[in-house]
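>>> the sequence and its predicted three-dimensional model are supplied below.
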Amino acid sequence: QVQLQESGPGLVKPSQTLSLTCTVSGGSITTSAYAWSWIRQPPGKELEWMGLIAYDGTTYYSPSLKSRTSISRDTSKNQFSLQLSSVTPEDTAVYYCAARSGVSTPYAYWGQGTQVTVSS
């Protein structure tokens, strides 16, 4: 059973960079079985896909966030990470990491989510 766990600061100041890590257990991030995504949900809004890193390290980003988003991985730790630069209060959200086997398939695994608040 694949398990995902987000970690990182819960409070970030405006204009700074938000950094989160997703630790994966029960499966390898280098397997071709899954692609590994970051998704967020601002208060009162729908889930928003931010980007993903594939098993081979290829990354894909939401066009609306591409200029501020970077997803990377540490295969030795079986982790993948999100960096979102120049944050504003509008980036306040619950951030999730998740995995699915294809772009048209439901997400098979989710982390529990972590609240990030952008405030001075």
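Cool, the structure landed.
>>> against Ser62, how distant is the residue positioned nearest the centre of the chain?
Nearest to the centroid of the C-alpha atoms of the chain, with distances taken as CA atoms, centre = their mean, sits Trp38, at 2.4 Å. Trp38 is 9 Å from Ser62, where distance means CB to CB, to the nearest Å. Quick note: C-beta positions are derived from backbone N, CA and C, even for glycine.
>>> identify the contacts common to those two.
Trp49, Met50, Gly51 (CB atoms under 8 Å, 6 or more residues apart in numbering).
>>> most neighbours among those, please name it.
Within the shared contacts of Trp38 and Ser62, most neighbours by other CB atoms under 10 Å means Met50, with 21 neighbours.
>>> need the three-state assignment for the closest residue to that one other than its chain neighbours.
The shortest distance from Met50 to any non-neighbouring residue, by CB to CB, 6 or more residues apart in numbering, is to Trp38 (4.4 Å). Assigned by DSSP: H, G, I helix; E, B strand; the rest coil, the conformation of Trp38 is strand.
>>> so Trp38 is in contact with Leu52, correct?
Yes - contact criterion CB atoms under 8 Å: Trp38 and Leu52 qualify, at 7.3 Å.
>>> shared neighbours of these two, which are they?
Each of Ile71 lies in contact with both Trp38 and Leu52 under the rule CB under 8 Å, 6+ apart.
>>> number of residues surrounding Ala33?
Neighbour count for Ala33, taken as other CB under 10 Å: 13.
>>> tally up the residues packed near the closest residue to it other than its chain neighbours, please.
Distances taken as CB to CB, 6+ apart place Ser101 nearest to Ala33, at 6.0 Å, with adjacent residues excluded. Using other CB under 10 Å, Ser101 has 13 other residues around it.
>>> please verify my assumption that Ser101 contacts Tyr55.
No - contact criterion CB under 8 Å: Ser101 and Tyr55 do not qualify, at 10.5 Å.
>>> spit out the residues that contact the two alike.
Listed as contacting both Ser101 and Tyr55 by CB under 8 Å, 6+ apart are Ala33, Tyr34, Ala35.
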